[in-house]
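Participant: The sequence and its predicted three-dimensional model are supplied below.
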Number of protein chains: 2
Amino acid sequence: LLKEAFAAAGMEAQVGMELDPARVDYMVFSPRGQAEGFERYTRLKAILSLWAGVEQALPLVPAEIPLSRMVDFGLTQGMVEWVTGHVLRHHLGIDAHIHGLNGAWIDDKHPPLAPDRTVGILGLGALGTACGEALCTLGFRVAGWSRSAKTHPQITCFSGAAGLDEMLSQTEIAVLLLPDTPATENTLDARRLALMPKDAVIINPGRGPLIDDTALIAALDRGHIGHATLDVFRQEPLPKDHPFWAHKQVTVTPHIASVTRPKTAAQTIVETIRLHEAGEPLRFKVDRFVGY
Amino acid sequence: LLKEAFAAAGMEAQVGMELDPARVDYMVFSPRGQAEGFERYTRLKAILSLWAGVEQALPLVPAEIPLSRMVDFGLTQGMVEWVTGHVLRHHLGIDAHIHGLNGAWIDDKHPPLAPDRTVGILGLGALGTACGEALCTLGFRVAGWSRSAKTHPQITCFSGAAGLDEMLSQTEIAVLLLPDTPATENTLDARRLALMPKDAVIINPGRGPLIDDTALIAALDRGHIGHATLDVFRQEPLPKDHPFWAHKQVTVTPHIASVTRPKTAAQTIVETIRLHEAGEPLRFKVDRFVGY
């Protein structure tokens, strides 16, 4: 696919795992693959992460070689579908019908319409912004939080520590799409979970360490947080004996919210290299200081 | 609410159930309410249905009085949310995670992206078109069928009997939003269900008689149709002993896909009356011949 994508872009390229390291200009990298011997790649211009999250890649990649995050149509589209699906599922209360009402015809309870429901997105990067925009288009009130201040024509933007508290206090459905960095660990801790409205829902397709798991379980158990739908975990696969698996207010999905799909990712990789070869700064370059 | 809405529109109106019938110009009607004594309302200019579907109201309302269907922001918005939520639920395969995977970490199966999934909307009225447009915006391939030929910039339009067969043969997720008329009864019968791709999903927020229930259960049982999510039924409430309740491939929701919400409906009613009083033709007027 990568060879086809280079050919489609009119570029000549040698692609493969077996190339002479001394002749390689760009490396496509996932931390599941080879993670040593970088010193043999003497002319590397950049390393392109196959994943959007680079917290595992970053410590492995030599600091002097620029690293590019994966920002890709397929990855973003998949995340928008998964987030929108789970937000609507919780908004509409679909679970009760999937579990089955066993003959009970209860037709006098209706959720608010989306314009009366506030969804808060933690993280306004490529994924968070795309999810927020899709939810705005469906009619939801969307708030978004980012480390540094941002503005958006549709999303009510918050930033900084006080902004996060303010946003969480009005967020009925929270979607976590922050990067995993030392600064984001335990973003949802006991204090911040307590700020959220009763019966609030947490959706985490971001990274496991964003949540203090013990605090989350306590908040679920005392009935303050209504439900958590978790796609990512501190340890993956999630251990079979982890309490999340059996908790009635937790839905576990096995890190499938979105994946890098070869077809669109190949085009993204080729375009990133093409622009860099044309003299532009590396797209989606990771800032080692902030960690994403 | 209706009084407030009239006041907000700058109109003087007497509103109530206890008015002298001989002085009433407009009646807001649901077939659950009063359905006789129309002859006492000697100066009625129009009857405004509280519901989008008028198959129950139509036989009750005198033929000489024009009847208006409910076409309303809240009703449409609610339907868009419900349909989009259930389409995404089936598209993503969310049920497996809601039921719980019991410790099984299966992360190598991914649904296609929405641009590779075809949703077919049966009925391109106000509700069907709005749902189709929301699904287009999310990236789905959307096809739509209507009795008479229509065109739409995003939805691939089909019409007529042959068009329905052609559309169903490529529809992975079908959404039924046709009116209930003699011509639409058993639109999904055994023959047409068999035209659909294996594992196709049926979503019916329209009207119960659109589906041949026996044929649907047979198609589910032999594994041709994957799942049916049904909000409307030939008999409502759905009888407690109906096989839909216990069928593992059927999700029953109790006619809640969308409701007429007083706040927005009051504004819609006032606007329909305002325009009619200004000399315009009655909005959303029911054609007695076609039945909607």
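Facilitator: Here it is on my side, so go on.
Participant: Check which residues of the biggest helix by length in chain A are buried.
Facilitator: Under DSSP state H, the helix in chain A containing the largest number of residues is helix A:73-92. Within helix A:73-92, the residues scored as buried using 16 or more other Cβ atoms under 10 Å in any protein chain shown are A:73-92. Where C-beta positions appear, they are placed from N, C-alpha and C, glycine not excepted.
Participant: what's the following helix or strand after that helix?
Facilitator: Using DSSP states H and E, the helix or strand that follows helix A:73-92 in sequence is helix A:94-99.
Participant: what packs against that following helix?
Facilitator: Taking 3 or more Cβ pairs under 8 Å, 6 or more residues apart in numbering or on different chains; DSSP states H and E as contact, the helices and strands that helix A:94-99 lies on are helix B:73-92, helix B:94-99, strand B:250-252.
Participant: Now it: buried residues?
Facilitator: By neighbour count on 16+ other Cβ under 10 Å, the buried set for helix A:94-99 is A:94-95, A:97.
Participant: and if you look at stretch A:236-252?
Facilitator: By neighbour count, and taking 16+ other Cβ under 10 Å as the criterion, the buried residues in stretch A:236-252 are A:238, A:242, A:244-245, A:247, A:249-252.
Participant: how about that stretch, does it reach chain B?
Facilitator: Yes: shown here: stretch A:236-252 in contact with chain B (Cβ under 8 Å from any Cβ of the partner chain) through A:236-238, A:240, A:245-246, A:251-252.
Participant: Quick check: the two most widely separated of those residues?
Facilitator: Of all pairs drawn from the residues of stretch A:236-252 next to chain B, the one with the longest distance (Cβ to Cβ) is A:Glu236 and A:Ala246, at 17.8 Å.
Participant: List the contacts of A:Val259.
Facilitator: Under the criterion of Cβ atoms under 8 Å, 6 or more residues apart in numbering or on different chains, the contact list for A:Val259 reads A:75, A:78, B:110.
Participant: and which of those residues is nearest to B:Pro205?
Facilitator: If you rank the contacts of A:Val259 by distance to B:Pro205 using Cβ to Cβ, A:Gly78 comes first, at 26.1 Å.
Participant: That closest one contacts A:Arg261, doesn't it?
Facilitator: Yes: at 7.2 Å, A:Gly78 counts as touching A:Arg261 under the criterion of Cβ atoms under 8 Å.
Participant: so what sits against both of the two?
Facilitator: Shared between the contact lists of A:Gly78 and A:Arg261 (criterion: Cβ under 8 Å, 6+ apart) are residues B:110, B:113.
Participant: and A:Leu127, what is it in contact with?
Facilitator: Taking Cβ under 8 Å, 6+ apart as the criterion, A:Leu127 is in contact with A:52, A:75-76, A:79, A:177, A:258.
Participant: Find me the pLDDT at it, would you?
Facilitator: pLDDT for A:Leu127: 97.
Participant: That one is in what secondary structure piece?
Facilitator: Element membership for A:Leu127 (DSSP H and E) is helix A:126-137.
Participant: Please report the number of neighbouring residues for the residue lying closest to A:Glu81 once chain neighbours are set aside.
Facilitator: Closest residue to A:Glu81 in three dimensions, ignoring its sequence neighbours and counting by Cβ to Cβ, 6 or more residues apart in numbering or on different chains: B:Ala114, at 5.6 Å. Around B:Ala114 there are 24 other residues, counting by other Cβ atoms under 10 Å in any protein chain shown.
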